[in-house]
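>>> have a look at this fold, sequence not included:
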């Protein structure tokens, strides 16, 4: 489907490249040979990989604003929109559960959280917020969420210890997971996408709503770029200084992490909007549009296609291990060999995405 003149191509491109990056970091050629920035930080700090999930939630917020503003103006009944929002959220959550069961469908080891689960929750809350509140209310609510989460994590002692702690597995969020989160947890006794840390992730979605509201405003396109990038810079700066007392941490999805990553996402969206939509410089951007056209479908395909490439034994090892070992034996540095296979796997996922795009098939959950 060729984009219409009114469509924000830059958002499609950013969404697509974010999904491509997600596949690349999720599926390295070999887990033992990965460049540091292509891994999540062990605890405090920020790497390229840590940016991907919050960028996608930010994009979810922007997309909600762009998609539902037209429906509101057209007078579409709230009841119909509520039903569609709820159904879509349930579908995304259900697909996340399906991926967690792959490949063995061992319900005893079922994990109830994950990337798609968090996307489903953020989409549900932010979509309803967009329908029933002003941008000012949304901004205030985001601030309340982030400040309340900060105060809770830094003032409430972890039950049973009598101390406020932000270390792995012994903080308030981990305690809440241990008490109330069902099923298997990613880190055994706690989950980086657990109950308490999901609340500030809603703040990430709201920052996307606010960016979307700005892009829908009556300002000129150049003014939109200026305001968006200025807001992004200020937001990231506030997050950085907040991080001095409440560290930037993806596992806890700290308030400072929300602001730093949302600020960077706004800066990148502003730059893409200027290049792609204003200057019309789209050379090399089509791959992003193709990935972005079926973003969640491609994400799901990545998990499914990883089974034959990463999990099915071929002789004494899997295909990815064979490939990386061959490159290493030919003199390629181990980390580079691992990255090469990860990029090849991204290309493999591009094939079905391209076929769907060419046939004008757009799978919307």
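Structure received. What you see is a predicted model; the values in this text were computed from it and never measured.
>>> list the buried residues of the helix or strand hosting residue 302.
Taking DSSP states H and E as the criterion, residue 302 maps to helix 295-306. Buried residues in helix 295-306, counting neighbours by 16 or more other C-beta atoms under 10 Å, are found at 295, 296, 297, 298, 299, 300, 301, 302, 303, 305, 306. In this view, the C-beta of every residue, glycine as well, is placed from N, C-alpha and C.
>>> so who does the fourth one touch?
Shown in contact with residue 298 (C-beta atoms under 8 Å, 6 or more residues apart in numbering): 19, 23, 291, 349, 352, 353.
>>> now the angle between helix 295-306 and the strand or helix carrying the first one, please.
Okay, so that is residue 19. Following DSSP H and E, one finds residue 19 within helix 9-26. Interaxial angle, helix 9-26 versus helix 295-306 (axes from the mean of the first three to the mean of the last three C-alpha atoms, to 10 degrees): 20 degrees.
>>> ok, back up a step: pLDDT and distance to residue 188 added to the buried residues of helix 295-306, as JSON lines?
Formatted as JSON lines, the buried residues of helix 295-306 follow (pLDDT from 0 to 100; distance: C-beta to C-beta, whole Å):
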{"residue": "295", "pLDDT": "93", "distance to residue 188": "31"}
{"residue": "296", "pLDDT": "93", "distance to residue 188": "28"}
{"residue": "297", "pLDDT": "94", "distance to residue 188": "31"}
{"residue": "298", "pLDDT": "95", "distance to residue 188": "30"}
{"residue": "299", "pLDDT": "94", "distance to residue 188": "25"}
{"residue": "300", "pLDDT": "95", "distance to residue 188": "26"}
{"residue": "301", "pLDDT": "94", "distance to residue 188": "29"}
{"residue": "302", "pLDDT": "95", "distance to residue 188": "25"}
{"residue": "303", "pLDDT": "94", "distance to residue 188": "22"}
{"residue": "305", "pLDDT": "95", "distance to residue 188": "28"}
{"residue": "306", "pLDDT": "95", "distance to residue 188": "23"}
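>>> between the residues you listed, which sits nearest residue 363?
Taking C-beta to C-beta as the measure, residue 363 sits nearest to residue 297 out of the buried residues of helix 295-306, at 4.5 Å.
>>> can you count the residues close to the nearest residue to that closest one once chain neighbours are set aside?
Distances taken as C-beta to C-beta, 6 or more residues apart in numbering put residue 363 closest to residue 297, at 4.5 Å, once the chain neighbours are dropped. If you count neighbours by other C-beta atoms under 10 Å, residue 363 ends up with 12.
>>> check residue 78 too.
Count around residue 78 with other C-beta under 10 Å applied: 12.
>>> for it, which non-adjacent residue is closest in space?
With sequence-adjacent residues excluded and distances taken as C-beta to C-beta, 6+ apart, residue 78 is closest to residue 131, at 6.5 Å.
>>> helix, strand, or coil at that neighbour?
helix (DSSP: H, G, I helix; E, B strand; the rest coil).
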